[in-house]
Structures are given as structure tokens and as C-alpha cells.
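Chemist: structure of the sequence below:
(chains A and B)
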Amino acid sequence: MENREIVRLLTETADLMEIAGEDGFRIRSYRNAAAVIEGYPEQMGAILASPERKVTEIPGIGKGIAAVLEEIAQRGSFERRDEMLARFPGSLLELLKIQGLGPKSISLLYQHHGVKDIDGLERLCREQKLRELPRMGAKLEEKVLRSIESYRKRAGRFLLSYGHHAAAEIMGELRNLPGVERVEAAGSLRRGKETIGDLDILVSGPDLAGDGAAPILEHVIKLPKVEEVLGQGANKASVKYGFEGLQVDVRALASDSFGAALQYFTGSKEHNVTLRTNALKRGLTLNEYGLFTVEGGQRVAGENEADVYAKLGLPWIPPELRENSGELEAAAAGRLPGLIRPEDIRGDLHMHTTETDGKATLREMAEAAAALGYQYIAITDHSKALAMANGLDEQRVVEFARHVRELNRDGLPLRVFSGLECDILRDGAMDLAEDALAELDWVIASVHSHMNLDESEMTDRLARAVSSPNIRILGHPTGRMLLHREPFPFRFDEIASLAAARGVLFEINASPERLDLNGAMARTARAKGCRFAISTDAHHPSHLENMTYGVSTARRGWLEAADVVNTLPLADFEAFLQRRR
DNA sequence: GCCGTTTTCGGCCCGACTGTTTTCAGTCG
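Modeler: All right, here's what the predicted structure looks like:
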């Protein structure tokens, strides 16, 4: 069993143990073990199978968890999990995603009213029975109902990163099959959208038009992670993939229609509608099999996507732009942007270490970043307002800055800048004194608390932060957590104008849970003259690889390398830092 | 349940907010 699934079993059990009211420290051990395994470079299964290795050598895994891992490897579950599932239905886990309810309340609701899923919870709130329970009232009922609504809105969607991993697995399988020429993921995944609803995978080969596709589709429905087969025809198989039930559609195609199909299934729907309308004006008709003349039905293009666009008088349009938001006009006028590419990135400017809530040391992060070919990084641990993360106070910041200056003389694998992710306090003031911030090379200012202020208060708060003399950039500017928390409200145009005027950058946070700013806002900000940094907010060396999600978000925002400061070569970036704003 | 040891058990991150209370439990980050 893969690490990711082990992590899921441990986390799920920890959640149920919380509902059961078990010892918090034991629960934390389960969660900690899950976190360690999630970031571990080797498969637990491989270590368990090796006679000279012991999983207990991994910090955070002791005798208890080792036994659990052993049991999982043997039968796919473990005793405590089974015991929990016998006491509580697994559907209770979904209730934890409703804001305002925690394990204690869920346990109470289950015991008193038999509430075991979202529908039951909604009914209870509507009947105003929630308020009859101790310490619950009308306000909570309202909050829960609101939270259910927003939960339903996003249900069934998946993070881009999740889609990427699933697609990589499936495509890896398909590429090795006989008769397969090309494999490509289309849909919102290819457009780099922040969340995806399902996965569209296209497979082509010379003989895959008719019955030739059968063995490939047969292989798809037998993949080990397929939970349910939703449908299977001559050219398409549709399955639920993985525990989370991601719908995956695999389409087999003849080689000569691959490009047209890729175009068609990449979308967006709006982009395609406009494109087809334009085609008709040229006497052409476009569908998933190719581009044809209206009269006579002659094939004009189809094998390659670029040819489809070319025959419509357009340059190839990068998938990230295909939202019918001006890209077709820009393409027709020869004014498509030269979008930033992953290989343009020269450094990562937001990451955490064991000084606060990161999982690796400065040196480990530096080595991982150097291995990615970067020239520089900034270490940006939390400030003291984030007490839970052991945030840095003024004294520790000043010492840290000095320490980094020494380290840079002392054989680090790349240039390290001293930085901080400084909390923006409720009133917009910085968490640390300006003279301490002035010691640092790179100060990010971020909101981590009081996210429920109204629009005016939040705008004032951010305006004050942007006006603060030592900050260079606003971190994850809207505070959203994808599929989990809405962005906090503020007047973005005002803040973007102010940021542009004061030379404060916007972060495009590449963490797949954030992608903040999003593409549309980045585009707005750019139009106002703002510049950006794309950063991973890594808490573990492996998170540095999330940069690609930030780059696709920037591309969705029409950004070019010149808009993004961490595309600068080291010397130029240093010069940029020297110019005080 | 893990860890670190003062080798056999005690400590494990904690402050703020909310809505409910009438002094605080539960949630959140």
C-alpha cells in the first residue's frame, strides 16, 4: 500500500478517535506519524519488507505505529480503525469539514439525534433542534447552514495537485501499452485550473479508432485504484478512481483526430464556443474529430492542435489562457503574451524551517532548492503572533539575520536571503518592530488571523500593511484555502493600486491549497502595474516542487517572466533588493 | 502513542475568539 493511502488511514482514524474523545496526545501521535510518512521519501511497504530496516528508525514512529503499519501492510486496515468504525459510521468524518463543528459537537449530535451525515445535520438545523443541545444556539445553527451551503458548492472538486498525481499514475500506465502513440491529459487540469471536477485523458494510436481501443480501455477499468466502473464503450471508459472518487474519462482516438480532440476536451467550453463560431465565419466546422469544410466536409486539420488553430488563422494558444477572456482577440491580433515558464524560475522566496513550523532545517531546504537548480532562496519563518508555530520575536529575527550573513560566507549550496513572514495584526500594524524588520533582506507580510473583518476594515488593514516601510510583498493576499475557506473580503483594486504605487509585490502562493493570488486577480494587478513573486510556502523540502502550480496560476494571469521578480538572475535580484522601495 | 531519559514515567504548543454562559467549553489556527 502506498504512503498516501497509509496517511489517509491514519488521519481518518485520528479523526474518529477525536470524535470518540480519546486521549489528545495519542491522537497527535497518529497525526504526527501521518505527517512524517507523507513527507517521507521512501515507501513504508519497502522498509517493512526489508529485513535490515526498521520503521521505528523514523522519528515519530514508535512501537505502536510500527505495529499499525505492519497490520496495514498485511490486511489494509488495523484494529483501532476497525474498532472506531464499529462505534461510529465513517460518514461522520465528512461532518468535520463543516466549519463551526468539531469532534465534540459531532459526537453529541450523533448520540442525541443520530446525525450521521450532512443531510441529517441540515435537517436538524432547519428544525431548530441544534439549539436544544448544551452550548449550542441559534447563531450556530445559522453558521452551520451557511457552512453546509459552501461545502456543497465545492463538493466533488479536487485540488489541482491531486489531479496531477492521479493523471501521472494513469498516464504512466497507458504509455506502456502496445499500440499507444500519444497520451495527454486535457480538461481543466491542462488549463491549470485551481481545482478540477474530473479528469479527461486522451490516448491515440494508429489503430485506436474502432475495436482497436478495447484492450486499452480494458486495462483502464482494471487499474488497481479503480473503485467503480461508470461506463465502458468502444472508445471511452469512465471510472471512479481512488477513495475520493475522482471521475476519470479515458478516450481512445485515431491518430488523425488527436489534436482536434485535445483542443475540444481542453476547453474551456466558452473558449470553444467562440472558436467554433469563428470557424463557421471561415466556412469551417470544428468538432472533436477535426476541422472540416462546411461544404464538402473535407478535413482541414485534426492531427495536431497547433494546426487546428493555424487553419483558423490563429497562433497556438496556451491552455491556461483558454477561458474566453480576451485570448482569442489577442491571438488574432498577434498580441498573446510570452507566458512565464517553469524553467524561468531562479529562486523560491517563501519557505519555513524547524525554527518555526517547517519540517526541515535551513541547510536542508537550501540543499533541496539547489538540487532544483535555483540560484537563491529566502527563508521566511513566522513572526511571534503565530505563537502556535513558535514565531520569531525581534531578538530572534536579528540573530537570524546575522546567522544567515555568516552562513552565506560559509559554503551554502546557493545564496540564502534572510526573510520573515511577518503577521499583519488586526489593525494592519506589523507584528515586529520596524528596526528589526529592517535587518532582513525580504519581508513578507501575511494575514493569519482575524479573517472575519468586514470589507472596509480589511481594506484599511491591508492598506496600512502595504504602507509599512520594510515589507516587500503581501503573502497569500486573499487568505483563501481551496475547497475549505473563502477569501476574506477587501477592495482588491484599491490595494493593488496602492501596492503598485509603493512598489510592494503580490505573492502568488504556489501551495496547491492556496494558489493565492489566483490568475484573474494577478491579471488585474498586473494591469495596475504590480509585480509578483511566485513562492511555494514550503514547510518541507518536497513542497518546493509545488512551484509548477504557482507558475500555471501565473500563466492563467497572463504573466510574463518580467512580471515576476524570482525569475531574475541572482545579481539582478540582489540589485532589486538594494533598491529600497 | 512518542520521546527522552533523571531507564520506567512524565511531558507533549497555546492564545484568541465565539457563543454560550454566568465562568467556560469548543473551535480554530
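Chemist: and the helices in the stretch 351-500 of chain A?
Modeler: Ranges of helices in the stretch 351-500 of chain A, per DSSP state H, counting those that start in this stretch, are A:362-371, A:394-408, A:434-437, A:455-466, A:492-502.
Chemist: average pLDDT across whichever strand or helix holds residue A:261?
Modeler: Taking DSSP states H and E as the definition, one finds residue A:261 inside helix A:258-266. Mean pLDDT, computed over helix A:258-266, is 94.
Chemist: re the thing from before, how about the helices of the stretch 351-500 of chain A in JSON lines, adding mean neighbour count and mean pLDDT?
Modeler: To be clear about C-beta, it is placed using only N, CA and C from the backbone, and glycine gets the same treatment. Output for these, formatted as JSON lines (neighbours: other CB atoms under 10 Å; pLDDT from 0 to 100):
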{"stretch": "helix A:362-371", "mean neighbour count": "19", "mean pLDDT": "95"}
{"stretch": "helix A:394-408", "mean neighbour count": "16", "mean pLDDT": "93"}
{"stretch": "helix A:434-437", "mean neighbour count": "17", "mean pLDDT": "94"}
{"stretch": "helix A:455-466", "mean neighbour count": "19", "mean pLDDT": "93"}
{"stretch": "helix A:492-502", "mean neighbour count": "18", "mean pLDDT": "96"}
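Chemist: which parts of stretch A:265-278 are buried?
Modeler: A:265-268, A:271-272, A:274-276, A:278 (16 or more other CB atoms under 10 Å).
Chemist: let me redo that: stretch A:1-19
Modeler: Those would be A:3, A:6-19, for stretch A:1-19 by 16+ other CB under 10 Å.
Chemist: still on that earlier bit, show me what the helix holding residue A:261 is packed up against.
Modeler: If you count contacts as 3 or more CB pairs under 8 Å, 6 or more residues apart in numbering; DSSP states H and E, helix A:258-266 packs onto strand A:182-185, helix A:187-190, strand A:198-205, strand A:246-254, helix A:269-281, strand A:284-287, helix A:305-311.
Chemist: show the backbone phi and psi for residue A:352.
Modeler: Main-chain torsions, residue A:352, degrees, to the nearest 10: phi -120, psi 160.
Chemist: indicate the residue of the stretch 101-250 of chain A located nearest to DNA strand B.
Modeler: For the stretch 101-250 of chain A and DNA strand B, the shortest gap (CB to the nearest atom of the strand) falls at residue A:137, measuring 1.7 Å.
Chemist: quick check: that residue vs residue A:98, distance?
Modeler: Noted for residue A:137: a distance of 16 Å to residue A:98, by CB to CB, to the nearest Å.
Chemist: now swap in residue A:517 and tell me
Modeler: Using CB to CB, we find residue A:517 at a distance of 27 Å from residue A:98.
Chemist: check residue A:231 too.
Modeler: 32 Å.
Chemist: thought residue A:566 was touching residue A:547?
Modeler: No: using CB atoms under 8 Å, residue A:566 is not in contact with residue A:547; the gap is 9.3 Å.
Chemist: just to revisit the earlier point, so which of residue A:517 and residue A:98 has more stuff around it?
Modeler: Neighbours per residue (other CB atoms under 10 Å) separate residue A:517 from residue A:98, with residue A:517 holding more: 30 against 21.
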